[in-house]
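S.K.: Sequence first, predicted coordinates after that:
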Amino acid sequence: MTEETVRTFDSVWDALEETPEDAANMRLRSELMTAVRDTIEGWHQTQAQAAKRLGITQPRLNDLVRGRIGKFSFDALIVLAERSGLSVRMEIVQAPAQTAAWGLPRDSAKMLALRV
């Protein structure tokens with residue numbers, strides 16, 4: 001019988017990404033994408049109408065709605081958030097807990113929070 005090691009992560013991105021920086025980037029992008037998508041869905045418009053309102057093509061909007069995060073940079077998502085009427089603010093604070101996935105000590109870990 002073999003012994004399995006179980007690792008836990010604060011975020012799915014911590015488990016999937018190779019570095020804390022990449023995980024933080026993906027966390028912020030996914031939060032932005034979700035906020036924009038939820039806002040657009042609240043408009044109750046067709047994708048073509050919503051795309052026009054945002055100044056993008058319907059296929060581009062479809063990528064957003066389908067969660068194709070790899071097709072959107074952080075900057076592009078901020079632009080879409082602002083165009084959709086969201087106010088994007090960033091808060092940078094010391095992280096309270098150790099970043100266990102990479103074994104960083106508490107004092108060296110930073111947390112980047114995005115408020116949409």
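M.R.: Received it, and whenever you're ready, just let me know what you need. Numbers count the residues shown, from 1 in each chain.

S.K.: Now do the buried residues in the helix or strand that contains Met26.
M.R.: Per DSSP states H and E: Met26 is located in helix 20-43. Across helix 20-43, burial judged by 16 or more other Cβ atoms under 10 Å covers 20, 23-33, 35-37, 39-40. (Each C-beta comes from the backbone N, C-alpha and C, glycine too.)

S.K.: What is the subsequent helix or strand relative to that helix?
M.R.: Downstream of helix 20-43, the next assigned helix or strand under DSSP H and E is helix 47-54.

S.K.: wait, what's in contact with the nearest residue to Thr57 once chain neighbours are set aside?
M.R.: Once flanking residues are discounted, Thr57 sits nearest to Ala51: 5.9 Å by Cβ to Cβ, 6 or more residues apart in numbering. Ala51 makes contact with 57-58, 60-61 under the criterion Cβ atoms under 8 Å, 6 or more residues apart in numbering.

S.K.: Mind checking which of those residues land in strands?
M.R.: With DSSP state E as the criterion, strands contain none of the contacts of Ala51.

S.K.: any chance of those residues in CSV, with pLDDT too?
M.R.: Formatted as CSV, the contacts of Ala51 follow (pLDDT from 0 to 100):
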residue, pLDDT
Thr57, 98
Gln58, 97
Arg60, 98
Leu61, 98
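
S.K.: wait, which of these is closest to Gly85?
M.R.: Nearest to Gly85 among those, counting by Cβ to Cβ, is Leu61 at 15.4 Å.
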